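Trainee: Could you look at this predicted model? Sequence included:
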Amino acid sequence: MSEDMERDPIYEAYLARQFEEGMALAQASDLLELMPSPVAPPHFIARYRCKGLIRARDGEISEADRFEVGIWFPPTYLRRADSFEVLRWFGPANVWHPNISDKLPLICVGRLAPGTSLVDLLYQIFEIITYHKYMPREDDALNKAACAWARRNQDRFPVDRRPLKRRKLDLEATRV
């Protein structure tokens, strides 16, 4: 990597904005924890505490509520984006979803446009984990067995209906 790419002021400003906006979303959420990686900036670790599905060793599909994804914005991200380069599935390894590989640490949010914001990625990952979004075609799924299962079990979705961002309540108290 050239020194010029490392010191690109546009890229650095983009990363600073992503950090601010991502942390603001995490602070406004009961379901998301976002941490910048102290080891490898500009990496982020997103921990979700929402309902998703896992597959036990005996084949039973059940709910879980802890999921973790790595997000990395390479220096070329504002010009070229590849979800398999940007996103890594960290766990659990037995996650059950058509868009998450059961063999490799891959998660697919679909076509990724260059410069897609961290907040947009966080929402898309959340929608995948909770089955608001999934690939119904086996020929394009990362986990074909989960895809076939999802088509047969659509009545179970979404698995978690809570919003990622806490809703603000506009309450007004009056004295009687």
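Mentor: Looks like it came in fine.

Trainee: Not counting the longest helix along the chain itself, show me its contacts.
Mentor: Scanning the chain for the longest helix, with DSSP state H as the assignment, gives helix 9-27. Counting by CB atoms under 8 Å, 6 or more residues apart in numbering, helix 9-27 makes contact with 5, 32-34, 36, 41-42, 44, 73, 75, 77-78, 115, 117-119, 122, 164-165, all of which sit outside it. Where C-beta positions appear, they are placed from N, C-alpha and C, glycine not excepted.

Trainee: May I have the strands that pair with the following helix or strand past it, each with its orientation?
Mentor: Tracing the chain C-terminally past helix 9-27 and defining elements by DSSP states H and E, one meets strand 32-36 next. When sheet partners are counted by DSSP bridges, strand 32-36 sits next to strand 43-48 (antiparallel).

Trainee: list the buried ones in the strand it pairs with?
Mentor: When burial is assessed from 16 or more other CB atoms under 10 Å, strand 43-48 yields the following buried residues: Phe44, Ile45, Ala46, Arg47, Tyr48.

Trainee: Just want the angle from that strand to helix 9-27.
Mentor: Taking axes from the mean of the first three to the mean of the last three CA atoms, to 10 degrees, one finds that strand 43-48 is oriented at 20 degrees with respect to helix 9-27.

Trainee: what mean pLDDT does strand 43-48 have?
Mentor: Model confidence over strand 43-48, given as mean pLDDT, is 96.

Trainee: And stretch 137-146, by the same measure?
Mentor: Across stretch 137-146, pLDDT averages out at 91.

Trainee: So for that stretch, first residue to last residue, what's the gap.
Mentor: The first and final residues of stretch 137-146 sit 11 Å from each other (CA to CA, to the nearest Å).

Trainee: Phi, psi for the residue nearest the centre of the chain please.
Mentor: For the chain, the residue whose C-alpha lies nearest the mean C-alpha position (CA atoms, centre = their mean) is Ile125; its distance is 2.4 Å. As for Ile125, its main-chain torsions (degrees, to the nearest 10) stand at phi -60, psi -40.

Trainee: What segments of the chain are helices?
Mentor: Listed in chain order, the helices found in the chain under DSSP H are 3-6, 9-27, 83-86, 118-129, 144-152.

Trainee: average model confidence for the second one?
Mentor: If I follow you right, that is helix 9-27. Averaging pLDDT along helix 9-27 gives 94.
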